[in-house]
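In: turn this into a structure:
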Amino acid sequence: MSQEYTVGQRVGDYETLAVLGAGGMGKVYKVRNVISDRIEAMKILLPNLGSQKELADRFLREIKVLASLSHPNIASLRTALTLDDQLVMIMEFVEGVTLSSRLQSGPLPPAGAINYVEQVLTALSYAHHLNIVHRDIKPSNMMLTPQGVVKLMDFGIAHSGGDRSLTMTGTMLGSVNYMSPEQVNGGPTDARSDIYSLGASLYELVTGQLPFRGDSNYSLMEAHVKEIPKAPMVLQPGIPNALNQIILIALAKEPEKRFQSADAMRVALQSVGTGVSQWSGVTDYPVQSAKSPTASAPAIVAPVWPATPVPVAVSAALPAPTPTAVATAPNVFPPPPAAGGNHRGLYVALGALLVVGVLFAAAIYLPWRVRTQANAQKPNPTISTPTVQPPNPPTDITPVQPVNTPGDLNATNMPKKQPPTKSGSDADKAKQQSEAVAKAEEEARAKAAAQEKADEEARAKAAAEAELEEGKTQYDQISARSSSADQLLENLKGEQRAQGLTLRGDVVSAQQRMETNLARALTALQSGDSAKAKKYMESAERDLEFLEKFLGR
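Out: Residues are numbered from 1 along each chain as shown. From the prediction side, this is the model:
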């Protein structure tokens, strides 16, 4: 049976009404259940499940995931069945347009975007509590009904619990414009990966632009890992600052810096109207709250220093000296007797005084006379110098070297000031100059060697960067060729399945090897290992050339 259905064709109990969409896994039709007359959506997997086991497994995974979900903001699964070797999924038909289609008429008002994203967060909170991660959140998977209800669609690459059964190629599935850094790196994903993709979607809804742009898938994936997006307020100044911060938090590179749950992001969006300061009630995500008012600092009391003392004049402080009379020396001699008295006492006193004076003169004169006569009797000395010799000047005496003290001002006792010593002899000077020249030459050689090493490292780094850029270009070229070859192979598979045929085993194996080696090359490029990436790309290109030759290209 062909994978193509025509309008009006009946498939089991369903009549096809229109084609709703098509993808790599199959097509979605609008159908009518002829028994209940209910309009539903029918999603079919490409036929011949045996040759496409990986796609079949993924399709079955989506069926099981959707079967476990029941939420008003998630398109529900009605049933699943197999019709003529085709796996068929009957789903709720959601009438409306995708938010991606809505964006074609321009960015959404912030209030409307917040309303729609809150509904998606409600659906994600429900799914995450069931340990289900969507991994392909984007506006084209959000259906907006005429009643304003948003339905989350397409759980095709969702995983549940510890399910890691997707292949390496499968881990790279998703929409590159909304892919989280951990998805790009092929690492494990959790609820915070959906938060990142929803942040990128909200960015586009309110600005009309994607957070990152690039001319190739590689440049886009590299931007998700390394670049910081422009603030939404730069592109749309009317966006509230709180909403701007919420989007940037959701787009944090490290999962631990994003909102840690869908509920946390939803509460943050609800607080946009009342201010960012109310986010403090949410505890499971990083908060960039508004600055709180600064608490009043205690008053600073300047120390009171003592007043400067007022100088008091000495004349005012001291009592004025009181002049005193000079005491008159007592008179040694008795006062003269009064006139008219007896003169006998006077004569007696005068005689006594005369006797005392004679005795006193004799006491002085007689010893001097005796010494003079004795000296006259001695022979004259032969020394011509005077009898009384003046002291010899200090230079004629050999003194004991005194210890000079700072207070000693005798220049003769101080050590003589030595003349300043010279830096050295001419030979010493020449030696010092030679050593200085040798040292300068050694430093110059070391500096030149360091510069040469730095230049060599810079050349090596530039060469490595150039080689890495060349590897990226080569990857993009091979990736584009492989996508074209894959499309041709899918068309060929469809034609052969219509005739009951399958592709040759060597062609299928070559296609699988090509995809695996391309995925490994991408991982190597992301880690900066251009040599390993080149090896994987050479292997992928060999298989690609084989496939192109098989396809007649």
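In: what sits up against stretch 208-216?
Out: Here stretch 208-216 makes contact (Cβ atoms under 8 Å, 6 or more residues apart in numbering) with 103, 106-107, 177, 200, 203-204, 220, 222-224, 227, 229-230, 235-236, 251, 472, 476. No exception for glycine: its C-beta is placed from N, CA and C like everyone else's.
In: and the spatially closest residue to residue 485 that is not a sequence neighbour, how many neighbours does it have?
Out: Excluding the flanking residues, the one nearest residue 485 by Cβ to Cβ, 6 or more residues apart in numbering is residue 547, at 4.9 Å. When counting by other Cβ atoms under 10 Å, one arrives at 20 neighbours for residue 547.
In: ok, residue 547 to residue 44 distance?
Out: With distances taken as Cβ to Cβ, to the nearest Å, residue 547 is found 26 Å from residue 44.
In: what residues of the helix or strand harbouring residue 525 count as buried?
Out: In the assignment (DSSP states H and E), residue 525 maps to helix 505-526. For helix 505-526, a neighbour-count test (16 or more other Cβ atoms under 10 Å) marks 507, 510-511, 513-526 as buried.
In: tell me what it is packed against?
Out: helix 168-171, helix 217-226, helix 426-498, helix 530-550 (3 or more Cβ pairs under 8 Å, 6 or more residues apart in numbering; DSSP states H and E).
In: can I get those helices in TSV including distance to residue 268 and mean pLDDT?
Out: Shown next, in TSV, are the helices and strands packed on helix 505-526 (distance: least, Cβ to Cβ, whole Å; pLDDT from 0 to 100):
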stretch	distance to residue 268	mean pLDDT
helix 168-171	30	38
helix 217-226	22	91
helix 426-498	37	86
helix 530-550	40	90
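In: nearest to residue 38, of those?
Out: With Cβ to Cβ as the measure, helix 426-498 is the member of the helices and strands packed on helix 505-526 nearest residue 38 (29.9 Å).
In: show the residue spans covered by the helices in the stretch 151-300 of the chain.
Out: Remark: helices assigned in the stretch 151-300 of the chain by DSSP state H, counting those that start in this stretch are 168-171, 181-184, 191-207, 217-226, 232-235, 241-250, 262-270.
In: deepest-packed of these, please.
Out: helix 191-207 (a mean of 25; mean count of other Cβ atoms under 10 Å).
In: quick one: it to helix 262-270, angle?
Out: 30 degrees (axes from the mean of the first three to the mean of the last three Cα atoms, to 10 degrees).
In: list the helices and strands helix 191-207 packs on?
Out: Short answer (3+ Cβ pairs under 8 Å, 6+ apart): helix 191-207 packs on helix 110-129, strand 132-133, helix 181-184, helix 232-235, helix 241-250, helix 262-270.
In: now the fifth one and helix 191-207, what's the angle there?
Out: When the same axes, to 10 degrees is applied, the directions of helix 241-250 and helix 191-207 differ by 140 degrees.
In: please shift the residue numbers so they start at 662 in all later answers.
Out: All right, first residue 662 from here; so that's helix 902-911.
In: packing partners for helix 902-911?
Out: Using 3+ Cβ pairs under 8 Å, 6+ apart, helix 902-911 sits against helix 852-868, helix 893-896, helix 923-931.
In: would you list these in JSON lines and tack on distance to residue 874?
Out: Putting the helices and strands packed on helix 902-911 into JSON lines (distance: least, Cβ to Cβ, whole Å) gives the following:
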{"stretch": "helix 852-868", "distance to residue 874": "11"}
{"stretch": "helix 893-896", "distance to residue 874": "12"}
{"stretch": "helix 923-931", "distance to residue 874": "25"}
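In: can I get the helices and strands packed on helix 852-868 in CSV with mean pLDDT and distance to residue 1092?
Out: CSV is the format used below for those (pLDDT from 0 to 100; distance: least, Cβ to Cβ, whole Å):
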stretch, mean pLDDT, distance to residue 1092
helix 771-790, 96, 81
strand 793-794, 92, 79
helix 842-845, 92, 65
helix 893-896, 95, 68
helix 902-911, 95, 68
helix 923-931, 94, 77
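In: low-confidence ranges in the stretch 912-1061 of the chain?
Out: Counting by pLDDT under 70, the ranges of the stretch 912-1061 of the chain that qualify are 934-1010, 1013, 1016-1017, 1019, 1021-1024, 1026-1061.
In: what separates residue 1113 from residue 1124, distance-wise?
Out: For residue 1113, the distance to residue 1124 - Cβ to Cβ - is 16 Å.
In: residue 1145: neighbour count?
Out: Using other Cβ under 10 Å, residue 1145 has 14 neighbouring residues.
In: got the buried residues for the helix or strand hosting residue 716?
Out: For residue 716, the host element (DSSP H and E) is helix 714-728. Buried residues in helix 714-728, defined by neighbour count with 16+ other Cβ under 10 Å: 716-717, 719-720, 722-724, 726-727.
In: ditto for stretch 785-802
Out: For stretch 785-802, a neighbour-count test (16+ other Cβ under 10 Å) marks 785-789, 793-802 as buried.
In: burial of residue 806, as a residue count?
Out: 12.
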